[in-house]
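**Q** Whatever this is, show me its structure:
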Amino acid sequence: MPNLNAPQQRAVNTIEGPVLVIAGAGAGKTRVVTRRIVAILDAGVPQSAILALTFTNKAAKEMEIRVKELTGKKLQNLTVCTFHALGVKILREEIESLGYRKNFSIYDETDRDQSVKNSIRECKIAIEGVDVYAVGQLFSKIKTGLADWGNDANFAYKDVYKEYNRRLKLFNAVDFDDLLTLPLKIFAEFPEILEKYRRRYRYIMVDEFQDTSFIQYRLLRLLARRTDANQSANICVVGDDDQSIYSWRGANYENIARFERDFPGAIEIKLEQNYRSTTTILEAANGVISNNTNRKEKRLWSGNGSGKPIELFYPENESNEADFIVEQIKRIRFQEHAKFDDFGALVRTNSMMRTLEEAFLAGNIPYTVSGGTSFFQRKEIKDVLSYLRVIGNLDDDVNLLRIINTPRRGLGDAIVEKLGKIAGTRRCSIWDAMETLRNAPAALFAAEMGRVDIQEFMALIEKYRAEMLGKRNLSQKVRQLVDEIDYWSYLVTEFSKNEKLARWKFANIDMLVESIHRWETDPDNFDPTLYPYLNRVSLISQNDGNDGDKGKVNLMTIHAAKGLEFPVVFIAGAEDGLIPHARSLEEGGAVEEERRLFYVAITRARNKLFITSCQQRRRQQSTTRCLPSPFLAEIPQRLIEIHAPIQKTPTEEEAEASQFFAKMKEKFETTQY
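**A** Below you'll find the predicted structure:
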């Protein structure tokens with residue numbers, strides 16, 4: 001294939017047997033992954049036999065688009081998805097083997113926390129003072145094997161954990177961790193099902209392999225292994241241990257070593273030519289990361305020329321730091337005609353963003369902050385989606401309780417409490433408890449219990465259940481539902497003193513309906529019905545990015561910047577205690593991950609890198625002196641240029657104004673009247 005260097009070509013052509021591709025930052029791994037899929041297809045392998053896994057829906061979509069462009073085919077039988085989406089696919093086909101029904105709901109983090117809260121109450125534990133989110137995180141770690149019950153504080157919630165899982169199954173729901181653990185449970189208990197998937201997926205590829213957790217690796221290993229000694233495991237994993245920065249959410253770079261043990265004879269291919277950055281930036285990155293001991297030896301190189309030196313600035317404090325970044329953005333924009341979205345400003349923690357945001361606002365610099373509230377996490381959107389989830393699964397208590405009185409319909413706390421008691425006594429769902437009350441003899445039904453309101457609510461859900469399940473024109477029916485419940489009047493009442501906010505929230509619902517319409521009219525969407533849509537929404541990653549942020553400076557944490565690149569990058573706060581973070585020093589071995597994090601930050605830059613290290617920084621109501629990050633000393637000093645304090649020069653606006661009036665004068669002088 002053209003446009004591939006020799007190691008890339010080898011990785012593309014080696015389609016049989018286990019393959020480990022160590023792909024350095026900017027080494028063109030996405031090109032290799034997509035072209036390798038094409039090579040497998042060209043070898044006559046059917047689409048349905050190929051499984052390609054990655055970590056975000058955006059990455060999966062881009063991979064699929066690239067393969068389509070290269071082949072010119074629709075590829076409707078090719079599986080390119082995230083690990084969690086694969087879990088959904090397996091569970092939709094096999095979950096009945098564990099006693100669930102196929103129309104299960106997927107609880108997001110908010111739903112999970114509500115279910116945890118209900119489980120705590122069910123176990124007669126006082127909810128006051130309990131950090132429900134922390135308990136939910138504990139349950140996630142227990143479920144995925146990252147924690148155990150050995151800690152006394154943890155053990156206190158063991159019964160709550162059992163109740164939480166009981167309720168999940170009772171309400172025919174799963175949480176995100178179940179999307180990985182339940183397929184493993186099915187494969188362990190039903191070997192014939194595992195064998196079916198092994199026969200189905202004969203060629204497996206994994207992108208960003210260094211970000212896999214141990215539980216994801218277990219799932220991968222089970223699918224790839226062959227029981228027949230004459231069959232090879234056709235699995236290719238692509239990753240870079242130097243970019244493993246997500247241990248806090250379960251990622252384990254040691255999976256690379258596990259892969260080599262579990263798939264003996266695996267061919268190792270290193271991609272070291274970087275197509276992104278200048279030699280100066282790569283030499284700085286190499287100088288830093290070479291100090292890590294637990295890594296695959298590699299050295300990035302580039303044919304892009306030496307480029308500009310790295311500029312290091314020691315501002316007096318965080319305000320001067322922010323001013324410096326603003327001034328440099330304005331200067332480069334004016335002198336080099338750069339666009340705002342050519343700039344990336346990276347910080348170690350979210351708390352460091354406030355000062356930069358204030359400086360951007362004061363400097364009239366448009367910017368976007370990554371990791372903000374996801375569109376699908378906004379209250380008005382979650383309200384509408386909760387209606388759809390209940391329509392899809394009547395036993396989904398968490399979402400039913402969210403909408404039972406939203407908009408208000410007379411089903412307040414007293415009714416909810418009554419329904420909860422019935423559900424608890426009968427060990428049934430809230431919907432079944434409502435059914436009990438709806439069918440109760442009128443003489444036994446107290447007037448104040450709102451029987452009519454229950455009947456009307458259930459009739460509404462049943463009406464749209466009949467109209468939506470398995471049927472098309474979903475967006476049109478969602479619009480009808482929003483109008484029928486009169487959600488607009490609800491917003492006006494809720495925000496009676498701010499109609500502008502109410503209109504903005506209702507506009508978000510319009511955007512939701514429009515997005516459903518685009519999804520269901522996509523010619524590549526072969527099943528535009530309710531359940532596939534709810535699956536899609538549940539799997540949307542908050543880190544997948546937003547195309548609406550073009551034309552703005554990118555302000556984000558280093559973690560959020562992984563996988564991105566910018567012509568100009570600022571690394572703010574390169575100080576001891578921040579990079580590496582003080583917490584990592586307390587955890588011992590985490591220092592190497594902090595160094596990997598700094599390496600990732602450096603390699604986001606294509607042409608120019610600025611690093612700032614404050615002399616003092618305000619922390620918790622007091623100002624403390626700062627020392628430069630020890631990682632700065634690991635950058636070869638010949639690559640660094642110490643930046644002098646900011647000189648007061650004409651601002652971008654002043655310079656542009658002078659230029660504008662000069663052009664206007666020239667125009668008037670040449671215009672004939």
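
**Q** Excluding chain neighbours, give the residue nearest to Phe631 in space.
**A** Nearest residue to Phe631, sequence neighbours excluded (CB to CB, 6 or more residues apart in numbering): Phe598, at 4.8 Å. For every residue, glycine as well, the C-beta is placed using N, CA and C.

**Q** wait, isn't that neighbour in contact with Pro630?
**A** No - assessed by CB atoms under 8 Å, Phe598 is found out of contact with Pro630, at 10.0 Å.

**Q** Overlap of the contact sets of these two?
**A** Common contacts of Phe598 and Pro630 (CB atoms under 8 Å, 6 or more residues apart in numbering): Pro580.

**Q** of the two, who's got more company?
**A** Higher neighbour count among Phe598 and Pro630: Phe598, with 25 against 15, using other CB atoms under 10 Å.

**Q** and whichever strand or helix holds the more buried one, what does it pack onto?
**A** Using DSSP states H and E, Phe598 sits within helix 590-602. Under the contact criterion of 3 or more CB pairs under 8 Å, 6 or more residues apart in numbering; DSSP states H and E, helix 590-602 touches helix 279-289, helix 558-561, strand 566-571, helix 582-586.

**Q** Distance to Glu96 added to those, as CSV?
**A** Formatted as CSV, the helices and strands packed on helix 590-602 follow (distance: least, CB to CB, whole Å):
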stretch, distance to Glu96
helix 279-289, 48
helix 558-561, 38
strand 566-571, 48
helix 582-586, 44
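
**Q** Nearest to Ala644, out of these?
**A** Ala644 sits nearest to strand 566-571 of all those, at 16.9 Å, using CB to CB.

**Q** So for the closest one, what gets flagged as buried?
**A** 566-571 (16 or more other CB atoms under 10 Å).

**Q** Could you identify the most distant pair in those residues?
**A** Applying CB to CB across the buried residues of strand 566-571, the maximum distance is between Pro567 and Ile571, 14.7 Å.

**Q** ok, back up a step: list the contacts of the helix or strand immediately after the helix holding Phe598 in the chain.
**A** Downstream of helix 590-602, the first helix or strand assigned by DSSP H and E is strand 605-612. Here strand 605-612 makes contact (CB under 8 Å, 6+ apart) with 276-278, 281, 284, 307-308, 310-315, 321, 324-325, 328, 332, 344, 565-574, 602, 632, 643.

**Q** Among those, name the buried ones.
**A** Buried, going by 16+ other CB under 10 Å: 276-278, 281, 284, 307, 310-315, 321, 324-325, 328, 332, 344, 566-574, 602, 632, 643, out of these.

**Q** Next one: the closest residue to Glu594 other than its chain neighbours from Thr624, what distance?
**A** In this structure, Glu594 finds its nearest non-sequential neighbour in Pro580, 3.4 Å apart by CB to CB, 6+ apart. Distance from Pro580 to Thr624, counting by CB to CB, to the nearest Å: 17 Å.

**Q** In terms of neighbours, single out the busier of those two.
**A** Shown here are Pro580 and Thr624; by other CB under 10 Å, Pro580 has more neighbours (22 against 12).

**Q** Spit out the contact partners of that one.
**A** Taking CB under 8 Å, 6+ apart, we find Pro580 in contact with 590-591, 594-595, 598, 629-631.

**Q** Just give me the least confident of these.
**A** Within the set of the contacts of Pro580, pLDDT is lowest for Ala590 (83).

**Q** How about the contacts made by that residue?
**A** For Ala590, the contact set (CB under 8 Å, 6+ apart) comprises 247, 580, 583-584.

**Q** who wins for most neighbours among those?
**A** Among the contacts of Ala590, the one with the most neighbours (other CB under 10 Å) is Pro580, at 22 neighbours.

**Q** Quick check: next helix or strand after the helix or strand hosting Leu20?
**A** Using DSSP H and E, Leu20 sits in strand 19-23. Counting by DSSP H and E, the next helix or strand C-terminal to strand 19-23 is helix 29-42.

**Q** Just the angle for that following helix relative to strand 19-23, thanks.
**A** Interaxial angle, helix 29-42 versus strand 19-23 (axes from the mean of the first three to the mean of the last three CA atoms, to 10 degrees): 150 degrees.

**Q** Could you check helix 29-42 and say which residues are buried?
**A** Using 16+ other CB under 10 Å as the test for burial, helix 29-42 gives 29-41.

**Q** Repeat that for stretch 218-230.
**A** 218-221, 223-224.

**Q** tell me the average confidence for that stretch?
**A** Mean predicted confidence for stretch 218-230 is 84.

**Q** Pull out the CA atoms of that stretch and give them to me as PDB.
**A** C-alpha atoms of stretch 218-230 as PDB (Å, rounded to 0.1, in the frame of the first residue of the first chain):
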ATOM      1  CA  ARG A 218      -9.600 -10.900  30.000                       C
ATOM      2  CA  LEU A 219     -12.600 -10.500  27.500                       C
ATOM      3  CA  LEU A 220     -10.100 -10.000  24.700                       C
ATOM      4  CA  ARG A 221      -8.000 -13.000  25.600                       C
ATOM      5  CA  LEU A 222     -11.000 -15.300  25.800                       C
ATOM      6  CA  LEU A 223     -12.300 -14.300  22.400                       C
ATOM      7  CA  ALA A 224      -8.800 -14.600  20.700                       C
ATOM      8  CA  ARG A 225      -7.600 -17.900  22.100                       C
ATOM      9  CA  ARG A 226      -8.100 -21.000  20.000                       C
ATOM     10  CA  THR A 227      -8.900 -24.400  21.500                       C
ATOM     11  CA  ASP A 228      -7.500 -26.100  18.300                       C
ATOM     12  CA  ALA A 229      -3.700 -26.300  18.400                       C
ATOM     13  CA  ASN A 230      -3.600 -26.100  14.600                       C
END
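
**Q** Lovely, talk soon.
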